[in-house]
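Student: Mind looking at a prediction? Sequence and model below.
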Amino acid sequence: MNKPTPSDAWLAEEAENPALVRAKIVSETARISWLELQKFYAAGSVISVAAELDLIDVAFAFSRDDKQQVAQWLQSAQVVRTSEEQAQQWYQQQAELWAVVISPWVLVQDKPLPQQLN
């Protein structure tokens, strides 16, 4: 069997290190227009995350395949497939949402930007 190269070892370490996984999720989370997300919605890949949840925590649970936690959120309807009604509302509002990709899903959250301090 082939020994991992140093670059392969780094990838394996990254996948096992929760702090690195979280940092990667944070760096890949951004605001995006709903208009740009419609193709993913049409493919059935968009998951809505309730505003009271931390999008990073949800993305981390998805990335770790934490079935128990995800099931709790699904059961409480805090994490759901984006409905047609919601998609239509965001389209009409030309909404900008927080989003992060945890393949094959795009997790989105309708949460305003934090108020800037004076």
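Tutor: Structure's in. What do you need? Keep in mind the model is a prediction, meaning the values are calculated, not measured.
Student: just for the protein, where's the confidence low?
Tutor: Within the chain, the ranges that satisfy pLDDT under 70 run 1-15, 114-118.
Student: Okay, helices next: where are they in it?
Tutor: 6-16, 18-27, 34-42, 55-63, 67-75, 84-93 (DSSP state H).
Student: My read is that residue 26 contacts residue 54, right?
Tutor: No: using CB atoms under 8 Å, residue 26 is not in contact with residue 54, being 10.9 Å away. Placement of C-beta: from N, CA and C, glycine included.
Student: Of the helices of the chain, which is nearest residue 99?
Tutor: For the helices of the chain, the distance to residue 99 is smallest for helix 34-42, at 6.6 Å, taking CB to CB.
Student: Run through who's touching the closest one.
Tutor: For helix 34-42, the external contacting residues (CB atoms under 8 Å, 6 or more residues apart in numbering) are 46, 82, 87, 90-91, 93-97, 99, 106, 108.
Student: can you check stretch 61-75 too?
Tutor: Contacts for stretch 61-75 (CB under 8 Å, 6+ apart): 18, 21, 25, 53, 58, 79-80, 102, 105, 107.
Student: Now those in a markdown table, please, with extra columns for distance to residue 33 and neighbour count.
Tutor: Shown next, in a markdown table, are the contacts of stretch 61-75 (distance: CB to CB, whole Å; neighbours: other CB atoms under 10 Å):
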| residue | distance to residue 33 | neighbour count |
| --- | --- | --- |
| 18 | 31 | 10 |
| 21 | 27 | 16 |
| 25 | 21 | 21 |
| 53 | 22 | 17 |
| 58 | 21 | 24 |
| 79 | 22 | 23 |
| 80 | 21 | 14 |
| 102 | 20 | 18 |
| 105 | 18 | 18 |
| 107 | 16 | 24 |
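Student: Among those residues, give me the pair with the biggest separation.
Tutor: Among the contacts of stretch 61-75, 18 and 80 lie farthest apart (CB to CB), at 25.7 Å.
Student: Any idea what residue 81 is bridged to?
Tutor: residue 47 (DSSP bridges).
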